[in-house]
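> Below is the structure, and that's it, no one-letter string:
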């Protein structure tokens, strides 16, 4: 990633999140504002890890489906 690309990405991230934070603060919703700050911190950390070459955490494995259950009736031969 070049310096210009990094600058553009940081600028884009900051503008998007700062806009959301400002809107939440103006509406008086502190919880949303704090969530937006937390989200910005997470995105910045992910970008820093990507630049440093740290591998992203592996996604959680998909749950395995339950085995199919037969709905057939078993008749007693007696």
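All right, it came through fine. Not measured: the values here are computed from a predicted model. Residues are numbered from 1 along each chain as shown.
> how close does residue 10 sit to residue 61?
When distance is defined by Cβ to Cβ, to the nearest Å, residue 10 is 33 Å away from residue 61. Quick note: C-beta positions are derived from backbone N, CA and C, even for glycine.
> Which one's more surrounded, the two?
Counted by other Cβ atoms under 10 Å, residue 10 and residue 61 do not tie: residue 10 has more neighbours, with 13 against 6.
> That one contacts residue 47, doesn't it?
Yes. The criterion here is Cβ atoms under 8 Å, and residue 10 meets it with residue 47 at 7.4 Å.
> how about whichever strand or helix holds residue 45: buried residues?
Counting by DSSP states H and E, the element that carries residue 45 is helix 30-52. For helix 30-52, the neighbour count (16 or more other Cβ atoms under 10 Å) marks 33, 36, 40, 43 as buried.
> now for it, which elements pack on it?
Helix 30-52 sits against helix 3-26, with contacts defined as 3 or more Cβ pairs under 8 Å, 6 or more residues apart in numbering; DSSP states H and E.
> Give me the residues contacting the helix it packs on.
For helix 3-26, contacts defined as Cβ atoms under 8 Å, 6 or more residues apart in numbering pick out 1, 30, 32-33, 36-37, 39-40, 43-44, 47, 51.
> which pair in the residues you listed spans the largest distance?
Farthest apart among these by Cβ to Cβ are 1 and 30. That separation is 34.5 Å.
> related to what we said a few turns ago, pull the distance from the helix holding residue 45 to the chain's centre.
Helix 30-52 has its C-alpha centroid displaced from the chain centroid by 10 Å (Cα atoms, centre = their mean, to the nearest Å).
> quick one, that helix and helix 3-26 angle?
170 degrees (axes from the mean of the first three to the mean of the last three Cα atoms, to 10 degrees).
> what pLDDT does residue 34 get?
Listed pLDDT for residue 34 reads 91.
> returning to that earlier point: any chance of the buried residues of helix 30-52 in JSON lines, plus distance to residue 20?
Shown next, in JSON lines, are the buried residues of helix 30-52 (distance: Cβ to Cβ, whole Å):
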{"residue": "33", "distance to residue 20": "8"}
{"residue": "36", "distance to residue 20": "5"}
{"residue": "40", "distance to residue 20": "9"}
{"residue": "43", "distance to residue 20": "12"}
